[in-house]
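Chemist: Fold the stuff below for me.
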Amino acid sequence: MSKNAKLAVLGSINADHILNLAHFPRPGETVIGQKYQIAFGGKGANQAVAAGRAGANIAFIACVGADDIGERICQQLAQDNIDTHPVEAVEGESTGVAMIFVNGEGENNIGIYSGANAALTPQYVERHQQVIAQADALLMQLESPLDSVLAAATLARQHQTRVILNPAPATKLSDDLLALIDIITPNETEAEILTGIAVNNDDDAARAAAALHEKGIATVLITLGRRGVWLSENGKGQRIAGFEVNAVDTIAAGDTFNGAFITARLEGKAMHDAVRFAHAAAAIAVTRSGAQPSVPWRAEIDDFLQQQG
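Modeler: Next up is the predicted model:
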């Protein structure tokens, strides 16, 4: 793959309502927040922004509401080097919403309302099939309707477009869909839901990766939070450590990793180097608050890696 390799991202767009508090409320408990902000998010948009800022040649297939925030999000995406022609405004529907609690340790809990994201139907995918057909890789998540993800993966396979799936939010997936995936990037929770294997250490990660290989997926990356990533290619696995930083907010850390990782792969970086590049992007992101506001630009990632030596 080369600098001119094309990436298509299919996924969600949300307006994130973020409340910082000392600890998550227990059922029936009210906790007074310390800070509140609205930022642009959605796993699809976050990953598209991470790829765009990292230097990818990218088009984004998504839906927004016919509202002011949808319009503002599209303007912002264009500034992040993303081709937004395949993003349509859906009449009578609001842009998707995420309600996010962030605790004192920087961990988060998220609830989402899909809104216009539900309009990303298989017919919508069909309408923009040219974007997938012309791409070298297609990156997707699971905040879009599952039948649309399957339709897009099927199209990609027909056109020799590589399929990368970040299986979040965690959900069980059919063997039909898994068989169409080239690279899968679950976190520990998502890996357990997909395989039934709880991932508490490297041995567990290796077993979960083996179960995913059996479904026909050549490359498995299980993200392990602070412990880095378990990378398994055709059954050979290794843990690649991340970078030590002071995290203030882990929102979009995984999304930043995914967008940066596929950008590096499309540029021809070796798998290990692509993971390191993605680790660097995610490390920068967790030192900043919010989803898209935290995503670094290419020069920042390169500088960070240079400082690490």
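
Chemist: mind showing which ranges of the protein have poor pLDDT?
Modeler: Scanning the chain for pLDDT under 70 picks out the ranges 1-3.

Chemist: try 90
Modeler: 1-4, 39, 105-108, 110, 112, 225-226, 234-235, 246-252, 289-293, 309 (pLDDT under 90).

Chemist: how about the strands of it, start to end?
Modeler: For the chain, the strands defined by DSSP state E cover 6-10, 14-20, 35-41, 57-65, 82-83, 87-90, 96-102, 108-113, 137-140, 162-165, 183-184, 219-223, 229-233, 236-240.

Chemist: helices or strands up against the fifth one?
Modeler: Contact partners of strand 82-83 among helices and strands, from 3 or more C-beta pairs under 8 Å, 6 or more residues apart in numbering; DSSP states H and E: helix 43-54, strand 57-65. Just so you know, the C-beta spots here come from the backbone N, C-alpha and C atoms, and that holds for glycine as well.

Chemist: who does the last one touch, helix- and strand-wise?
Modeler: This points to strand 57-65. strand 6-10, helix 43-54, helix 68-79, strand 82-83, strand 87-90, helix 122-127, helix 129-134.

Chemist: Within the sheet, what are the partner strands of that strand, with directions?
Modeler: strand 6-10 (parallel), strand 82-83 (parallel), strand 87-90 (parallel) (DSSP bridges).

Chemist: about what we covered before: just put the strands of the chain in JSON lines and tack on mean neighbour count and distance to Q307.
Modeler: Output for the strands of the chain, formatted as JSON lines (neighbours: other C-beta atoms under 10 Å; distance: least, C-beta to C-beta, whole Å):
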{"stretch": "strand 6-10", "mean neighbour count": "27", "distance to Q307": "27"}
{"stretch": "strand 14-20", "mean neighbour count": "22", "distance to Q307": "28"}
{"stretch": "strand 35-41", "mean neighbour count": "17", "distance to Q307": "27"}
{"stretch": "strand 57-65", "mean neighbour count": "27", "distance to Q307": "27"}
{"stretch": "strand 82-83", "mean neighbour count": "22", "distance to Q307": "28"}
{"stretch": "strand 87-90", "mean neighbour count": "20", "distance to Q307": "36"}
{"stretch": "strand 96-102", "mean neighbour count": "22", "distance to Q307": "27"}
{"stretch": "strand 108-113", "mean neighbour count": "14", "distance to Q307": "27"}
{"stretch": "strand 137-140", "mean neighbour count": "28", "distance to Q307": "28"}
{"stretch": "strand 162-165", "mean neighbour count": "23", "distance to Q307": "28"}
{"stretch": "strand 183-184", "mean neighbour count": "24", "distance to Q307": "28"}
{"stretch": "strand 219-223", "mean neighbour count": "26", "distance to Q307": "23"}
{"stretch": "strand 229-233", "mean neighbour count": "22", "distance to Q307": "20"}
{"stretch": "strand 236-240", "mean neighbour count": "15", "distance to Q307": "18"}
